[in-house]
Each structure stands twice: as C-alpha cells, then as structure tokens.
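Enquirer: Got a predicted structure plus its sequence, pasted below:
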Amino acid sequence: MDSLKAKISEVIKKLYGVEVPVEFAPVPAEIEGDYSCNVAMRLAKAAGKAPRDIAAEIIAELPTDYEYTVAGPGFINIAVSGKALAGQLSAAWTDDYGYNQSGAGKTAVSEFPSTNMAKPYSVGHLRPGTQGWAAKRILEANGWKVITDNHLGDAGTPFGIWATGFKRSGKSIDEVTIYDLGEIYIQMKADMKAEEAAGEHALADSAQDWLLKLEAGDAEATELSERFNKISLDHIHGVMKRMNLSTDYELGESFFVERGKALVQKYLDEGVFVKNEDGSVICPLDEFGIEVPMLVLKSNGAALYATTDLGCLDYRLHEWKADRLIYAVGAEQKFYFEQLFAVAKKLGWNAEMQHVWFGTIDQVGPDGKREKMSSRKGVVLLEAMLDDAEKRVRENFAEAELADEDVRRIATGAIKYSDFIADRKTGILYDPDKIFALTGQSGPFCQYACVRMRRILEKNADFAGADFGDYDFAAEKGVLQKLLEFPALVAGVAENLEAHRIAGYCFELAQEMNRYYENAPISTAEPATKAARLWLVARAATVLERGLDLLGIEIPEKM
Ligand code: ARG
C-alpha cells in the first residue's frame, strides 16, 4: 500500500502542484472497498474544484491493480484484490523479507542486562535483558552492526559493603553462595542505615576502606573481589542462559575506573569540570537546562558510578566507533542518563545516545491492588520466577508431554512477551493467569500459531512449490495485508525501539491466521488451492517467527 500512497502523492503533485499527506483508513466491513483516502477533500480549496471531481481525476491516473470508487463527499475508496496482494507479496519476497539495510555501515552498542555483582539476579533486571536484546535484534534487522555489552555492576560501594559484611559473617569464601552474598548485602544495608541514624559510621568507614584497598590493588581485596565476581558471574550466566540472552562483552564498571578518572583529570585541567572545596569534581550542565551538575569524582578521589560511565561512554564511542549507544535501564535512572548524555555533549562527543527506559514489574497484591513485584523475602529472584513459570507451563500443557527445552522456551516466551504487551514506558503487570494462557494476547498464543503453521507445512511438504493455477486469494486478503505491513513495521521501530509494536503485530498476525483457517480449509482443498494456501502459510510462518525473534522469543518444537 505504501507504493500506492506514493503514487497518489505523485499524481496530486502533477495535477495540482501541491504536496499533501496521503493516509489510508480501513473501511468498515459493510462498505465496499478495503481502504479509504480523504485527500480530495483536503485539495478542494487549493484546486478550486468539487472534491468528487478531484477524486475522479486522481483515480483516472492510478494503477489498475486496485479498484476505486468515489464515495460520499469525495472519498476515494480502494478495493484491493487478493490476487493483486499476493502478487505484491510475491514480488517483495526475498530470503530476508522484512529486514532492511538502512543501518548498513553503522555500529550501535546495546547494553544489557547490567546486573550487579554480589546480588542474586532479581526480576529487577528482567526488563533490561528483554528490552536490550530486542533493541539489538531490531537494529540488526535494520542492517546495523550491534555490539552487546553487559555493564556489570562490579565497582563502587557494593564491593566495600559486601567485603565488610563477608568478613563479619565469619563464612569461608569456599562455601559462600550467591544467595549468602545477597543476604549479607541486604543485612549490611540495614545495619548501615541503623548506624547512620545513630550517628555512627564504623561500617560505612570499613566499606569505604575496602573500596580504596581494591582500587589500590591490595592483595586481599583483589582476591575477595575476584572470588566473589566468579560466584556472581557463574550465577548471572546461568540465568542468562535460561533466558537465552548473551552479550559479546562483559566490561563491567571496574574496567572503566582508570579511564574515567583520567578523563576527569583531563577535563579538570581543561577547565570544563570544576573541583569543589571538598575535593569532589563536578560537571556543570546549566547550558543544557540541567541545574544539578553531575558529580564525576568523590571527594576522597574514588571513582563513582558516573566516573566509570564516562570512561565507558568514551570507550564505546572511540574504541568501538559506535554511532549509537543504547542503554536498557529502568526509569529510575532517567535523570542520571540525561545528565550523562549532557556531559558527553558538553565534551563534544557526538553520537545518538538513547536511554531505553521502562517501568517496573508489578503484581496484584493480596488486597487486589497493583504493587511493585516482591515476595515475603523481599526481591523476587529471576530464577524463582523462571521456576514458577516452568511449573505453570508443565501444568498448562500436561497433555503435550513437552521436552524440557520446550518448557523453557514457552516459559521464557510467556515472560518475555508480557514485557512487550504495552509501551515499555508503562509498568508491566505480572499476571500469571494471563501470561501463560493459550488464549488472549500472550507469548504462548503467538508461539502456538507458529507451531501450528510448522505442523501444517510439515504434513504437506510434498506440496511445496506446486502450481496454484489462477487461484484468486480472496480468503487470504486479511493475512496478505498483514504480511505486507511487516517490512515497514520493522523499519518504523528502529528509531524509538518500540518493541511493543512488534508484539502487537505478532498477536494480530496470529489471530488473522486463526480466522483464516476457519474460512479456508487446507487439508481438504483441491490441489491448486491447497498449493496456494500452503504458499501463504509458509510466508506467514516465516514472518511470525521473525517477529517473535526480534523480541527474543523462541519457538518450541511442539506444544
Ligand atoms: N548495574 C546498574 C543497575 O543495576 C545498571 C547499569 C546501567 N548502565 C550504565 N551504563 N550505567 O542499576
């Protein structure tokens, strides 16, 4: 339809010498035609003619793949024949249908899930993973080269807190688990809060000491940090594997400490950054309308989160030569990234920097009200969520006797899809009754549509490539229209990374297929019809799988 829109614009330019936006609206079922276009009414004034006459003049110049009628005050109604649509799809179809090369030659960095050491992987880092992965796949589908990096939280205060708490616990480093580390951390945070309220600071001082020791290369601090990093990493990798997520790099915060500090010194020397009386360093951002300067170095000279991010940004832009930086991080850090990107601009670092932010994961609380997801123990571990999801999938699909790998695919597919149901800027509601259901807008619903298509194609493999005579594709119009929308959709989400539009599309296509089977039986159709219908199913299967793949959703073998 895009080419028809372009053609109408061209005709208008030729006939009336003006440019007007050309949009099509779907027409209700009871009216003849598929789309309606109101340009003739918009042109009436400029052309000094009645809209119905203008409509007729435009129609006279349009290609004959469609049927046109002038309706009401001057609408151009457009009816598309199934055959014309099938011809369009067939002409547009290539091995990489849906993908484009608009980003060719450009490099983006997508950062996710950026979990923190010493803390078990919680549902708090679910969305960074799913959204960051979708950003990667969407950009790749648009021809970009994408480098992925897990910006591990392995520097800064957490290490000091953990080291202090670990020493106090009397545990041996050989027996400590990620869950112990997580508990030690939570306990320490609580104790430090109490200590602060009491006007004391022994724990805080100790944590600070450990940090400085680590930065100074002290042997015990280094050993502790390495050991606990390994425990954390083994755990993080295990969870990522279940989620089918991976990154090319894992350059954690600590990797950028020296680079960040050197930059702070450089821009301090150049007078861009300012040293406070207490020795801390800031970057004023007034010229960007940001009143709060960014703190880039602590008063004791230690690196901050922002120091390492500065080093990291520099590294991604200048070592990786990235044209675009994507940070899949929650909405809480919005202001932080506004500041960080402003600092980069101030330093003259030019690249597209995008904070792909999102809301929290909510649950329905015991009182029936929506609340941030939590458990009796506090945070919900992603492993626990995955275990629960797999249990539900085994129950829901008990008859299918699923292989473990398929259970994992369906469970993660359900969880991931729920992340994309609405605009990422809103929170998501984790409602297990809906997420794992085979009906309604869910991951399993879309996955099932793929499995069903695959099965139909396998059963009729001998029909592939058979002649479909002069089949009219009348029953296929809805599916064909949907399939023709896919390339523009993929191109359209590259800018704002609105993965939910892909998710919505997959659901609509799956629904369209279900409607289609009802009107157009395949197994009982005569050979030419059957061949034509299988041709369509094969294309729909490819498009739906590609759409789900952009969201990181895998297709089970059976379900
Ligand atoms: N580890 C951080 C957190 O859990 C997220 C890191 C975000 N990325 C960054 N480059 N600052 O909050």
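Expert: Yep, it's here. None of these values were measured; they are calculated from a predicted model.

Enquirer: alpha carbons only for contacts and neighbour counts from here, please
Expert: Will do.

Enquirer: ranges for the helices of the stretch 251-400 of the chain?
Expert: In the stretch 251-400 of the chain, the segments counted as helices under DSSP state H, counting those that start in this stretch are 257-269, 305-318, 334-346, 382-396.

Enquirer: Asp472 reaches Leu85, doesn't it?
Expert: No. Using C-alpha atoms under 8 Å, Asp472 is not in contact with Leu85, being 10.2 Å away.

Enquirer: Name the residue in those two with the higher neighbour count.
Expert: In terms of neighbours (other C-alpha atoms under 10 Å), Leu85 is the more surrounded of Asp472 and Leu85; the figures are 24 against 16.

Enquirer: give the contact list for the more buried one.
Expert: Leu85 makes contact with Lys477, Leu480, Gln481, according to C-alpha atoms under 8 Å, 6 or more residues apart in numbering.

Enquirer: Phi first, then psi, for the last one.
Expert: Summarising the backbone geometry of Gln481 under the convention degrees, to the nearest 10, its torsions are phi -60, psi -40.

Enquirer: quick one: pLDDT of it?
Expert: Looking at Gln481, its pLDDT stands at 92.

Enquirer: That one - how many residues pack around it?
Expert: Neighbours of Gln481 under the rule other C-alpha under 10 Å: 18.

Enquirer: Pull the contacting residues for it.
Expert: Contacts of Gln481 (C-alpha under 8 Å, 6+ apart): Leu85.

Enquirer: how much space between Ala108 and Ala528?
Expert: 47 Å (C-alpha to C-alpha, to the nearest Å).

Enquirer: Name the residue in these two with the higher neighbour count.
Expert: Neighbour totals were compared for Ala108 and Ala528, and Ala108 leads with 27 against 16 (other C-alpha under 10 Å).

Enquirer: Which strand residues bridge that one?
Expert: Val146, Arg324 (DSSP bridges).

Enquirer: Surely it is in contact with Val146?
Expert: Yes. Counting by C-alpha under 8 Å, Val146 is a contact partner of Ala108 at 4.8 Å.

Enquirer: Near the ligand, which residues of the stretch 51-200 of the chain are found?
Expert: Proximity of the stretch 51-200 of the chain to the ligand, by C-alpha under 6 Å from any ligand atom, involves residues Ser114, Thr115, Asn116, His151, Leu152, Gly153.

Enquirer: For the second one, give me its contacts.
Expert: Going back to what we said before, that points to Thr115. Applying C-alpha under 8 Å, 6+ apart, one finds that Thr115 lies in contact with Tyr121, His125, Asn150, His151, Leu152, Gly153, Ile236.

Enquirer: what number of residues lie near the second one?
Expert: By that I understand His125. His125 has 19 nearby residues by other C-alpha under 10 Å.

Enquirer: and it, how far is that from Glu111?
Expert: In terms of C-alpha to C-alpha, His125 sits 12 Å off from Glu111.

Enquirer: Please tell me how far the residue of the stretch 451-559 of the chain found nearest the ligand sits from Val407.
Expert: Here the residue of the stretch 451-559 of the chain nearest the ligand is Leu497; by C-alpha to the nearest ligand atom that distance is 17.4 Å. According to C-alpha to C-alpha, Leu497 and Val407 sit 29 Å apart.

Enquirer: what's the answer for Ala50, then?
Expert: Distance, Ala50 to Val407, by C-alpha to C-alpha: 63 Å.

Enquirer: Those two: which is more packed in?
Expert: Between Ala50 and Val407, counted using other C-alpha under 10 Å, the more crowded position is Val407 (22 against 15).

Enquirer: would the more buried one count as being in a helix?
Expert: Yes. Assessed with DSSP: H, G, I helix; E, B strand; the rest coil, Val407 lies in a helix.

Enquirer: Tell me if I'm right that it and Val393 touch.
Expert: Yes. Using C-alpha under 8 Å, Val407 makes contact with Val393 at a distance of 6.3 Å.

Enquirer: Check the spacing between the residue lying closest to Ala118 once chain neighbours are set aside and Phe159 real quick.
Expert: With C-alpha to C-alpha, 6 or more residues apart in numbering as the measure, Leu181 is the residue that lies nearest to Ala118, at 5.4 Å, once sequence neighbours are left out. Applying C-alpha to C-alpha, the value for Leu181 to Phe159 is 11 Å.

Enquirer: Neighbour count for those two, which is higher?
Expert: Using other C-alpha under 10 Å, the more surrounded residue of Leu181 and Phe159 is Phe159, with 25 against 22.

Enquirer: what about Met240, which helix or strand?
Expert: helix 219-243 (DSSP states H and E).

Enquirer: can you confirm Gly103 is in a helix?
Expert: No. Counting by three-state DSSP, Gly103 falls outside a helix, being coil.

Enquirer: Now for it: which residues touch it?
Expert: Leu139, Asn142, Gly143, Trp144, Lys145.

Enquirer: redo that, cut-off 6 Å
Expert: Gly103 sits next to Asn142, Gly143, Trp144 when contact means C-alpha atoms under 6 Å, 6 or more residues apart in numbering.

Enquirer: Measure how buried the last one is and give me the count.
Expert: When neighbours are defined as other C-alpha under 10 Å, Trp144 has 24 of them.

Enquirer: is it true that it touches Lys106?
Expert: Yes. Trp144 sits in contact with Lys106 when judged by C-alpha atoms under 6 Å, with a separation of 5.5 Å.

Enquirer: about what we covered before: residues near the residue of the stretch 451-559 of the chain closest to the ligand, how many?
Expert: Using other C-alpha under 10 Å, Leu497 has 22 neighbouring residues.

Enquirer: Also Phe256?
Expert: For Phe256, the count of nearby residues is 23 (other C-alpha under 10 Å).

Enquirer: again with Arg52
Expert: Look at Arg52: counted by other C-alpha under 10 Å, it has 19 neighbours.

Enquirer: Might you list the low-confidence residue ranges for the protein?
Expert: 156, 377 (pLDDT under 70).

Enquirer: Mind doing that once more with 80?
Expert: 1-2, 28-32, 65, 118, 155-158, 375-378, 464-465 (pLDDT under 80).

Enquirer: Up against the ligand, what does it have?
Expert: Proximity of the chain to the ligand (C-alpha under 6 Å from any ligand atom) is limited to residues Ser114, Thr115, Asn116, His151, Leu152, Gly153, Asp309, Val329.

Enquirer: Phi first, then psi, for the first one.
Expert: Same thing as Ser114. phi 50, psi 50.

Enquirer: isn't it right next to Leu152, touching?
Expert: Yes. Contact criterion C-alpha under 6 Å: Ser114 and Leu152 qualify, at 4.7 Å.
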